[in-house]
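I would like to see how this sequence folds:
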Amino acid sequence: MTQFPQAFPATRMRRLRQAPWIRSLAGENVLTPADLIWAVFVHDGEDRMPVGSLPGIDRLSVKDAAKAAIRARELGIPAIALFPYIGADGKDETGSGALDPDGLVPRALKAMKDAAPEVGLITDVALDAYTSHGHDGLLDEDGTIPNDATTDKLVQQALVHIGAGADIVAPSDMMDGRIGAIRSAFEEEGFTNQMILAYAAKYASGFYGPYRDAIGSGKLGTGAVDNPGDKKTYQMDPANTEEALREVALDIAEGADMVMVKPGLPYLDILARLAREFGVPTFAYQTSGEYSMIMAAVQNGWLDGVKAMVETLTAYKRAGASGILTYFSPKVAAMMRG
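Down below sits the predicted model:
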């Protein structure tokens, strides 16, 4: 920024804050519905299923997911990110349900695309919703996550999603080399226009609990089969910044069209640096933990919900986010459209 002499009283910073119209004209960042990605949970049932740890959020049936796509179009929300809830009967140690072309996600994709073809559909590529142990990949007997064998599964899962109508696949697993493997498979199958959103800077965070509840992947901690160890061998260390740059550089080189930072608010420094350094579309995920903290404070009367919602989402935009994946999407978009 060009520096120039400023001194009071010639410069009074409050002049540009004195009325709504001048604050609007002088504003540096504006949040609009076009900045939002609506996070939607879908389940294999007929009715809405409330998520207890995410106040105001329901798992939707396939039919209701199609209605959500229509609602997104009406609100000007450009894209929906789809996450499945798979019951215990649909899980196994290898996450085989993730590869079913007639599974929940493919059926939801087809219904949503038929209902509102103008809305972009983003799918989560990872095995945690489908595995009995809750990890994003396969689990060896010694408790390790085999990178390359997991990547083979993720490639198959991505192809299933694209075949069912996904516009963007979003690998959130953090396996090494999976972006290149998926891109190569897309090229071989003729999917040259299909996009990859890489969860390139995904941290081993404490903000994921309500999400794991929502998709039924369980809680991590003890190391038992039904409660496996943490994900620190593949998700990033919250203390690291330079590592994020290396992860993003690798994913872009392998064929990612855009990248994601997750969580969002505690990692605005990472978001700002990545957006500035690489110049590719850079998204942020306002995680379930972030959402639930705000909602819990609102329910207790400790925060103004609308102000907190808009302020946090604007913070992502200010830090350089091209878009924000958030559970607040329909509420904030409806508010903005009056």
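
the chain: strands as residue ranges?
36-43, 49-50, 58-60, 79-85, 120-125, 168-171, 195-202, 258-262, 282-285, 323-326 (DSSP state E).

just those: most buried one?
Ranked by mean neighbour count, these are led by strand 282-285 with a mean of 28 (mean count of other CB atoms under 10 Å). Any C-beta I mention is one placed from the backbone N, CA and C, and that applies to glycine too.

show me what that strand packs onto, helices and strands only.
With contacts taken as 3 or more CB pairs under 8 Å, 6 or more residues apart in numbering; DSSP states H and E, strand 282-285 sits against strand 258-262, helix 268-278, strand 323-326.

that strand pairs with which strands, parallel or anti?
Strand pairing for strand 282-285, using DSSP bridges, gives strand 258-262 (parallel), strand 323-326 (parallel).

quick one: residues in contact with the longest one.
Put plainly, it is strand 258-262. With contact meaning CB atoms under 8 Å, 6 or more residues apart in numbering, strand 258-262 is reached by 168, 170, 172, 195-203, 205, 244, 248, 251-252, 267, 270-271, 274, 278, 280-285, 287, 322, 325.

same thing but 6 Å
Residues outside strand 258-262 that contact it (CB atoms under 6 Å, 6 or more residues apart in numbering): 197-202, 248, 267, 270-271, 280-285.

and what of stretch 237-252?
179, 198, 200-201, 203, 236, 259, 270, 274, 278.

which of the helices and strands packed on strand 282-285 sits closest to Gly305?
With CB to CB as the measure, strand 323-326 is the member of these nearest Gly305 (13.5 Å).

could I have the closest one exported to PDB, CA atoms only?
Presented in PDB, the C-alpha positions along strand 323-326 are these (Å, rounded to 0.1, in the frame of the first residue of the first chain):
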ATOM      1  CA  GLY A 323     -16.100 -19.000  -1.300                       C
ATOM      2  CA  ILE A 324     -17.200 -20.300   2.100                       C
ATOM      3  CA  LEU A 325     -18.600 -23.700   2.800                       C
ATOM      4  CA  THR A 326     -21.000 -23.100   5.700                       C
END
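
start the count at 94 instead of 1 going forward.
Sounds good: first residue 94 from here, last item strand 416-419.

mean confidence score for it?
For strand 416-419, the mean per-residue pLDDT is 98.

now do it: distance to the chain's middle.
7 Å (CA atoms, centre = their mean, to the nearest Å).

and Phe279, how close does it get to Met288?
From Phe279 across to Met288, the span is 9 Å (CB to CB, to the nearest Å).
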